[in-house]
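A.B. asks: Below are the sequence and a predicted model; questions follow.
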Amino acid sequence: MQYGAAAEQPWYMPAAMAAPVVVAETAAERVERLASESAVVVFSVSSCCMCHAVKRLFCGMGVHPTVHELDLDPRGRELERA
């Protein structure tokens with residue numbers, strides 16, 4: 001017994017079983033998307049003392065930023081240039 005769209009379309013596949021669609025985004029688009037996802041965002045390099053100071057400053061003020069460590073991201077170099 002078939003219900004709904006499956007009865008009309010024998011090739012119907014539930015969305016949960018469908019392959020995910022991968023859309024390539026440019027580095028600038030990714031930076032823009034990441035920056036818009038949180039109120040406070042820090043793009044950092046884990047070995048940078050100034051980045052560490054900024055992160056500690058925010059945490060000391062009770063602000064917990066979203067931190068993206070560019071040296072740990074496979075596309076971090078591209079993001080840094082964007």
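C.D. replies: Structure's in. What do you need?
A.B. asks: only C-alpha atoms for contact and neighbour calcs from this point on.
C.D. replies: Noted.
A.B. asks: In this protein, mark out all the strands, start to finish.
C.D. replies: Ranges of strands in the chain, per DSSP state E, are 41-44, 66-69.
A.B. asks: Out of those strands, the one nearest E25 is which?
C.D. replies: strand 66-69 (17.1 Å; C-alpha to C-alpha).
A.B. asks: what lines up beside the closest one in the sheet?
C.D. replies: The strands that strand 66-69 pairs with in its sheet are strand 41-44 (parallel) (by DSSP bridges).
A.B. asks: what's the average pLDDT for the strand it pairs with?
C.D. replies: What strand 41-44 shows for mean pLDDT is 95.
A.B. asks: same deal with stretch 60-68?
C.D. replies: pLDDT averaged over stretch 60-68 gives 94.
A.B. asks: For it, output the C-alpha coordinates as PDB.
C.D. replies: Taking Å, rounded to 0.1, in the frame of the first residue of the first chain, the C-alpha atoms of stretch 60-68 are listed here in PDB:
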ATOM      1  CA  GLY A  60      37.000  38.300  30.800                       C
ATOM      2  CA  MET A  61      34.200  40.700  29.800                       C
ATOM      3  CA  GLY A  62      31.700  37.800  29.900                       C
ATOM      4  CA  VAL A  63      31.400  37.700  26.100                       C
ATOM      5  CA  HIS A  64      32.000  34.200  24.700                       C
ATOM      6  CA  PRO A  65      32.800  34.700  21.000                       C
ATOM      7  CA  THR A  66      32.600  32.100  18.300                       C
ATOM      8  CA  VAL A  67      36.300  31.400  17.500                       C
ATOM      9  CA  HIS A  68      37.500  30.100  14.100                       C
END
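A.B. asks: List the buried residues of it.
C.D. replies: Along stretch 60-68, these residues count as buried under the neighbour rule (16 or more other C-alpha atoms under 10 Å): P65, T66, V67, H68.
A.B. asks: Centroid-nearest residue for this protein?
C.D. replies: Centroid-nearest residue in the chain, with C-alpha atoms, centre = their mean: L34, separated by 5.4 Å.
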